[in-house]
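Participant: Just to be clear, the model below is a prediction. Sequence and coordinates:
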Amino acid sequence: MPLDDSPEAQDQAAALEYFYRHLRAAHALNRHTAGGFPLLATQMMDAVSFAYAAHHLIWQPDAACPITLPSGRTVPALTATFEYVPLEFFEARTGELRFLGLNLGFNGEPLAPGQWMVTTGPGLMRAASILHYYKRLAQHDLINFSEKFGTPGLVVHTTAAKGTPEGQTASTLARSLAGNYRGVQYNAPENRIEVVWPQGGTGGGDLPMTGIIEDGKRGLATLFLGADLSTLSRSGQSVGASLQGADRARRERADCARIEETLNTAIDPVVLRWFFGPGAAVRARFALEAPINEDRTLLGNLVQQLVNMGARVPVAAVARRLNVPLAQSAEETVFQPPAQSMEPIREPGASAQAEAFNAEIDQ
């Protein structure tokens, strides 16, 4: 984005656009990972979870492939490979990221300017790990509960006393009925088999583990996505849905600003110094626009109401908002509105012209 209307600003914007359109993103431990700016932005977003995202910069000037700027000036091309390096190769005990190297020592080396790009973020993974840990404990408890009480227990009631042949027969019968054997009730009023289910609020959604698991899911969704997801609301209603949409848009703008500011600080000055010399004033910068999450149906209805009220709404501006292309020439094939049906004139005493009109329609 040029910062003013000067020719220098246009040249700088063109140089930056060439650089960012031709950069490559890679991964230090996975050589099959390759991409352009979308992959770079995805890697930079790891800072949201881990507080840092580090890229090793491999500059690639190419004098054999010159580019022509808007002013007509020809300059050597410049691009770079952004190599993502996992945080296991760094330490930050002094408040800044330092490279440990392949030997993973204790004290790392400072990152040289122009050779590294570090993206910073809130570091949500610590809180997310705690939530996941408690949710996992609850899931383990729920699995243990299901293994023990998932099927009903069986208790055999016998009128015989314990130790008698009849009592021993009842005990043998109870053990052979099911693996979930619970015991034998001797000296019972009658001979019968009792099916024992968990009682006292220990079934279904009343289990404490299920509440902890749902709270963990909701906490993770809130932590990374903002407002509580309506699909995870305990009431089953779409509470907070509009809040979620607004908070999501706010976070998207913040994420775009984080990427934009990191590149403006670490990359733009280096690229502009390469193309225009160390003393060139910065007249352009990289800009990343956040997506506009707009209700198109609502916009269309509002435009229709304004048109019906006589307002002159520009077609091109609304088409851009709706992301609908418009024909640029009369030769292009375009959609046509449906033809309106014409009703015959059936008035008494119609003229000869009206009768001819009716005959033409009837045909």
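Facilitator: Received it, and whenever you're ready, just let me know what you need.
Participant: where exactly do the helices run in the stretch 151-300 of the chain?
Facilitator: Listed in chain order, the helices found in the stretch 151-300 of the chain under DSSP state H, counting those that start in this stretch are 165-177, 208-225, 241-266, 268-276, 296-308.
Participant: Out of the ones you listed, indicate the one that is most buried.
Facilitator: Most buried of the helices of the stretch 151-300 of the chain, by mean neighbour count (mean count of other C-beta atoms under 10 Å): helix 268-276, with a mean of 19. For every residue, glycine as well, the C-beta is placed using N, CA and C.
Participant: Show me what it is packed up against.
Facilitator: helix 7-22, strand 74-85 (3 or more C-beta pairs under 8 Å, 6 or more residues apart in numbering; DSSP states H and E).
Participant: Quick one: closest of those to Thr151.
Facilitator: Minimum separation from Thr151 across the helices and strands packed on helix 268-276 (C-beta to C-beta) falls at strand 74-85, 49.8 Å.
Participant: Only the buried residues of the closest one, if you could.
Facilitator: For strand 74-85, the neighbour count (16 or more other C-beta atoms under 10 Å) marks Val75, Ala77, Leu78, Thr79, Ala80, Thr81, Phe82, Glu83, Tyr84, Val85 as buried.
Participant: ok so, going back, so which of the helices and strands packed on helix 268-276 comes closest to Tyr52?
Facilitator: Comparing the helices and strands packed on helix 268-276 against Tyr52 with C-beta to C-beta, the closest turns out to be strand 74-85 (10.3 Å).
Participant: any idea which strand is longest in this protein?
Facilitator: What stands out as the longest strand in the chain, according to DSSP state E, is strand 52-68.
Participant: got the angle between it and helix 7-22?
Facilitator: Put simply, strand 52-68 runs at 120 degrees to helix 7-22, going by axes from the mean of the first three to the mean of the last three C-alpha atoms, to 10 degrees.
Participant: Show me the contact partners of strand 52-68.
Facilitator: With C-beta atoms under 8 Å, 6 or more residues apart in numbering as the test, strand 52-68 has contacts from 14-15, 18, 28, 40, 43-47, 74-85, 87, 90, 92, 97, 111, 114-121, 123, 270, 274.
Participant: Run the angle between it and strand 74-85 for me.
Facilitator: Going by the same axes, to 10 degrees, strand 52-68 makes 160 degrees with strand 74-85.
Participant: how does the protein divide up, domain by domain?
Facilitator: 7-123+249-276, 127-243, 295-334 (automatic domain parsing).
Participant: Please work out which of those domains is packed deepest.
Facilitator: Greatest average neighbour count among those goes to domain 7-123+249-276 (a mean of 16), per mean count of other C-beta under 10 Å.
Participant: Just the mean pLDDT for stretch 334-346, thanks.
Facilitator: What stretch 334-346 shows for mean pLDDT is 67.
Participant: out of the domains of the chain, nearest to Val282?
Facilitator: domain 7-123+249-276 (6.1 Å).
Participant: Could you point out which residue ranges in the protein have low pLDDT?
Facilitator: In the predicted model, the chain carries pLDDT under 70 at residues 178-182, 197-205, 227-245, 293-294, 340-363.
Participant: So Asn264 sits against Ala284, correct?
Facilitator: No - judged on C-beta atoms under 8 Å, Asn264 makes no contact with Ala284 at a distance of 10.3 Å.
Participant: give the contact list for Cys256.
Facilitator: Counting by C-beta under 8 Å, 6+ apart, Cys256 touches Leu288, Glu289, Ala290.
Participant: For the last one, give its distance to Ala257.
Facilitator: It refers to Ala290. Counting by C-beta to C-beta, to the nearest Å, the gap from Ala290 to Ala257 is 8 Å.
Participant: Quick check: end-to-end length of stretch 59-76?
Facilitator: 13 Å (C-alpha to C-alpha, to the nearest Å).
Participant: Would you mind extracting the C-alpha trace of stretch 267-279 into PDB?
Facilitator: What follows is stretch 267-279, C-alpha atoms only, in PDB (Å, rounded to 0.1, in the frame of the first residue of the first chain):
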ATOM      1  CA  ILE A 267      10.700  -7.200   6.400                       C
ATOM      2  CA  ASP A 268       9.600  -4.000   4.700                       C
ATOM      3  CA  PRO A 269      12.600  -1.900   5.700                       C
ATOM      4  CA  VAL A 270      15.100  -4.600   4.500                       C
ATOM      5  CA  VAL A 271      13.200  -5.000   1.100                       C
ATOM      6  CA  LEU A 272      13.000  -1.200   0.500                       C
ATOM      7  CA  ARG A 273      16.700  -0.700   1.400                       C
ATOM      8  CA  TRP A 274      17.600  -3.300  -1.100                       C
ATOM      9  CA  PHE A 275      15.600  -1.800  -4.000                       C
ATOM     10  CA  PHE A 276      16.100   1.900  -3.200                       C
ATOM     11  CA  GLY A 277      19.200   2.300  -1.100                       C
ATOM     12  CA  PRO A 278      19.800   2.600   2.700                       C
ATOM     13  CA  GLY A 279      18.700   6.300   2.800                       C
END
